[in-house]
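Asker: Structure, please.
(2 chains)
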Amino acid sequence: MNYFPDEVIEHVFDFVTSHKDRNAISLVCKSWYKIERYSRQKVFIGNCYAINPERLLRRFPCLKSLTLKGKPHFADFNLVPHEWGGFVLPWIEALARSRVGLEELRLKRMVVTDESLELLSRSFVNFKSLVLVSCEGFTTDGLASIAANCRHLRDLDLQENEIDDHRGQWLSCFPDTCTTLVTLNFACLEGETNLVALERLVARSPNLKSLKLNRAVPLDALARLMVCAPQIVDLGVGSYENDPDSESYMKLKAAIKKCTSLRSLSGFLEAAPHCLSAFHPICHNLTSLNLSYAAEIHGSHLIKLIQHCKKLQRLWILDSIGDKGLEVVASTCKDLQELRVFPSDLLGGGNTAVTEEGLVAISAGCPKLHSILYFCQQMTNAALVTVAKNCPNFIRFRLCILEPNKPDHVTSQPLDEGFGAIVKACKSLRRLSLSGLLTDQVFLYIGMYANQLEMLSIAFAGDTDKGMLYVLNGCKKMKKLEIRDSPFGDTALLADVSKYETMRSLWMSSCEVTLSGCKRLAQKAPWLNVEIINENDNNRMEENGHEGRQKVDKLYLYRTVVGTRMDAPPFVWIL
Amino acid sequence: MDEFVNLKETELRLGLPGTDNVCEGKESIISCCNNNNKRALSSDNEKEIESSSRKTETSPPRKAQIVGWPPVRSYRKNNIQTKKNESEHEGQGIYVKVSMDGAPYLRKIDLSCYKGYSELLKALELMFKFSVGEYFERDGYKGSEFVPTYEDKDGDWMLIGDVPWEMFICTCKRLRIMKGSEAKGLGCGV
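Answerer: Numbers count the residues shown, from 1 in each chain, chains lettered A, B, ... in the order given. Next comes the predicted model:
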């Protein structure tokens, strides 16, 4: 079959970088499988319990970069207890034992300890890049080990982690010889920062492109940092309170003007909005703006800033921008591809929030829009139909109407037709989140039209098992299905057990599935881990008699090649 | 409506045992789901109208606290919450913790209740039953083994009384009444 020597084929494979494509290559024939596995450097594991590190290393001994995801997505919303699992230590231990040349580790929703970070820092001589997203379990002591021991560290990127800040001197643990930093993001740290150590570190990092500061870095320090790093591309501003006439502010304005490579701006964790004008000179270069933590920036200051940002491709904002503000975005940001509008008032009753009008305005003004996350107070079918017509290119469409079960506020109808229009028009849709009042009908549409859909999030929707069946039968590419508070039960769950082999995972909480249904599923599909999470009712499930009909609070099932995991806490039952 | 009342007793809840803080709306959603399953054999149209009207009848109150809703990451929720709390505090007083060396537990006081240092110090003296000596600009507090200090925004421990009162209120994060030799090190002149 092969007309070329292996080295040539391997060289060709070097140009194939996406995980999907490499996985496809490895299935062509035995010879290609073998060549591919020895040349694979980057591996992505969407569920850390689907495989174990030993098998991973047996197949890919030349591994350099590993991405691991742990807890299910709904863990972000406190639906998964902290001790559920997703521990990275066994992975790092196995990788260390095998002496693989690990250079990059990216973790999402995993439990990371200082011990793991210490082991990581000491085990891999060429370790370059650590990216932690929504992880927990470690402190700044762990960061100190990374800083001290990773001689060639390029990226330290901490995104929205829960880190116990010991207010230590982790920044001063970077040795003077460390000059290789490209990314330094510690915005999520709560405590004080050693400003002197930070400034010296930035000054000796000529390759630094991305710097995201935490709350504790005040404006005068920011000015000095920007003077040291005019080459910066991605900046996260920490604390931005200041008196605009002060010397620091003047210095900052001058420094900002020199940052001609700046393309991405975020942070403003504590902000004095009238000082935003310091950034106006570079706004025309910005392609990414994240003000979703800047609760104090709204109204005219926000609008003025946005009006300068004509090249924006990505915008993350709070709903205090209002529909009028979104209209300004629609008329200014013609290159916009991704928009996220987050709720600023989580306790309900927001009067400055956005409505369907803002969404329609954006869809009309921004033809390149392909990803949206939109929290709003109300929606209509008509608006969604218009959005679908304006933007048939959506890849990700996530709509969250804050009040569960809320119908079309004009017609009082369910929003089935609106979402139906979206899935019908957007043939490339890969991710969808639903909300509002929805019947089984919307799932019929999804099953019929959403051929490329890989991830679907359902909450407070549907009427009968038919809804879930439409989705399971229709969406051939479904990978992750997560459902909460919806009336789907055992019939839907058990209808086609083999479907779950083609999916990464299924989450169902506060639905109608029963313990006996789950047990039957586990029996039929031994290659699935069927987990029942019972945090509150430790004893109820064991009571005799009506045990089978007991409804399961939280069900999480996923395909795996390594069987039952050994690290589950007592409140997780693996059937 | 009776069937709703009876179902409530057997409802699975997401709240902690013994608490009642799951919203009523969620319970009624579960109960109307139960009813839908029982009526699975009735005609489709009838069911749709029935279920949508039922749901709007019993839709949850706006401010109900449903676990994990709205779907916003805890990290983000905590950050926004902090902002709200901080701005609420501006209207409702500036509460700071007060610790005293040797005392078993801390207290909290509202700095906005006092017009100046003398009022604040008197209140502290009463609260912890000690006396603070006399303040000298150059030498600090003399005449007592107790020295009042505060932690400022930069994390440094400062002697109370050095800066103007308005500036003090804005920069003070917590108070500590130092005692003994540690206090002497701070209380004496530089």
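
Asker: I figured residue A:230 was touching residue A:258, is that so?
Answerer: Yes: under the criterion of CB atoms under 8 Å, residue A:230 makes contact with residue A:258 at 4.5 Å. Quick note: C-beta positions are derived from backbone N, CA and C, even for glycine.

Asker: need the helices for the stretch 1-150 of chain A, in chain order.
Answerer: A:6-13, A:19-26, A:30-39, A:53-59, A:89-98, A:114-123, A:140-149 (DSSP state H, counting those that start in this stretch).

Asker: and if you look at chain B?
Answerer: B:2-10, B:24-38, B:44-57, B:74-92, B:117-128, B:165-171, B:181-187 (DSSP state H).

Asker: What of the stretch 201-350 of chain A?
Answerer: A:219-228, A:247-258, A:280-283, A:299-307, A:322-332.

Asker: Contacts for the third one next, please.
Answerer: What that stands for is helix A:280-283. A:256, A:257, A:259, A:260, A:262, A:304, A:305, A:308, A:309 (CB atoms under 8 Å, 6 or more residues apart in numbering or on different chains).

Asker: try it again with 6 Å
Answerer: With contact meaning CB atoms under 6 Å, 6 or more residues apart in numbering or on different chains, helix A:280-283 is reached by A:256, A:257, A:262, A:308, A:309.

Asker: low pLDDT regions in the chain?
Answerer: Looking at chain A here, since you left the chain open. Low-confidence segments of chain A, defined by pLDDT under 70: A:1-2, A:168, A:242-245, A:347-352, A:536-548.

Asker: Wait, chain B was what I had in mind.
Answerer: The model of chain B has pLDDT under 70 over residues B:1-64, B:81-92, B:183-190.

Asker: again, only this time at 90
Answerer: For chain B, the stretches with pLDDT under 90 are B:1-68, B:74-97, B:99-119, B:122-123, B:125-147, B:151-158, B:161-174, B:178-190.

Asker: Just put the helices of the stretch 201-350 of chain A in a markdown table and tack on distance to residue B:141.
Answerer: Converted to a markdown table, the helices of the stretch 201-350 of chain A look like this (distance: least, CB to CB, whole Å):
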| stretch | distance to residue B:141 |
| --- | --- |
| helix A:219-228 | 32 |
| helix A:247-258 | 33 |
| helix A:280-283 | 49 |
| helix A:299-307 | 45 |
| helix A:322-332 | 53 |
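
Asker: Now render the ones you listed as JSON lines, adding distance to residue A:526 and mean neighbour count.
Answerer: Formatted as JSON lines, these follow (distance: least, CB to CB, whole Å; neighbours: other CB atoms under 10 Å in any protein chain shown):
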{"stretch": "helix A:219-228", "distance to residue A:526": "56", "mean neighbour count": "20"}
{"stretch": "helix A:247-258", "distance to residue A:526": "60", "mean neighbour count": "17"}
{"stretch": "helix A:280-283", "distance to residue A:526": "57", "mean neighbour count": "18"}
{"stretch": "helix A:299-307", "distance to residue A:526": "55", "mean neighbour count": "17"}
{"stretch": "helix A:322-332", "distance to residue A:526": "51", "mean neighbour count": "20"}
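
Asker: Of all those, which one comes closest to residue A:434?
Answerer: helix A:322-332 (21.4 Å; CB to CB).

Asker: Show me how far that closest one is from its chain's centre.
Answerer: Relative to its chain's centre, helix A:322-332 lies at 26 Å (CA atoms, centre = their mean, to the nearest Å).

Asker: That one to helix A:299-307, inter-axis angle?
Answerer: Here the directions of helix A:322-332 and helix A:299-307 differ by 20 degrees (axes from the mean of the first three to the mean of the last three CA atoms, to 10 degrees).

Asker: Check which helices and strands helix A:322-332 sits against.
Answerer: helix A:299-307, helix A:356-365 (3 or more CB pairs under 6 Å, 6 or more residues apart in numbering or on different chains; DSSP states H and E).

Asker: how big is the angle separating the longest one from helix A:322-332?
Answerer: Between the axes of helix A:356-365 and helix A:322-332, defined by the same axes, to 10 degrees, the angle is 0 degrees.

Asker: neighbouring contacts of helix A:356-365?
Answerer: Contacts of helix A:356-365 (CB under 6 Å, 6+ apart): A:323, A:326-327, A:330-331, A:374, A:379-380, A:383, A:386-387, A:390-391.

Asker: Could you do stretch A:44-62 as well?
Answerer: With CB under 6 Å, 6+ apart as the test, stretch A:44-62 has contacts from A:19, A:37-38, A:40, A:43, A:67-70, A:91, A:94, A:98, A:504, A:558, A:560-562, A:565.

Asker: Tell me who's in contact with residue A:207.
Answerer: The contact partners of residue A:207, taken as CB under 6 Å, 6+ apart, are residue A:182.

Asker: And residue A:177, how far from residue A:460?
Answerer: 56 Å (CB to CB, to the nearest Å).

Asker: higher neighbour count, these two?
Answerer: residue A:460 (29 against 8; other CB atoms under 10 Å in any protein chain shown).

Asker: From chain B, how far out is the more buried one?
Answerer: 6 Å (CB to the nearest CB, to the nearest Å).

Asker: Can you give me every residue that contacts that residue?
Answerer: Per CB under 6 Å, 6+ apart, neighbours of residue A:460: A:404, A:405, A:485.

Asker: and with 7 Å instead?
Answerer: A:404, A:405, A:485, A:486, B:29 (CB atoms under 7 Å, 6 or more residues apart in numbering or on different chains).

Asker: Could you single out the nearest of these to residue B:76?
Answerer: residue A:404 (19.4 Å).

Asker: and that closest one, that one's in a helix?
Answerer: No: under DSSP: H, G, I helix; E, B strand; the rest coil, residue A:404 sits outside any helix and is assigned coil.

Asker: What's the local residue count around it?
Answerer: Residue A:404: 25 neighbours (other CB under 10 Å).

Asker: Residue A:383 versus that one, what's the distance?
Answerer: Distance from residue A:404 to residue A:383, by CB to CB: 19 Å.

Asker: before we move on, back to that, TSV for the helices of the stretch 1-150 of chain A, including distance to residue A:206 and mean neighbour count?
Answerer: What follows is the helices of the stretch 1-150 of chain A, written out as TSV (distance: least, CB to CB, whole Å; neighbours: other CB under 10 Å):
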stretch	distance to residue A:206	mean neighbour count
helix A:6-13	33	14
helix A:19-26	33	15
helix A:30-39	32	16
helix A:53-59	36	16
helix A:89-98	31	18
helix A:114-123	23	20
helix A:140-149	18	21
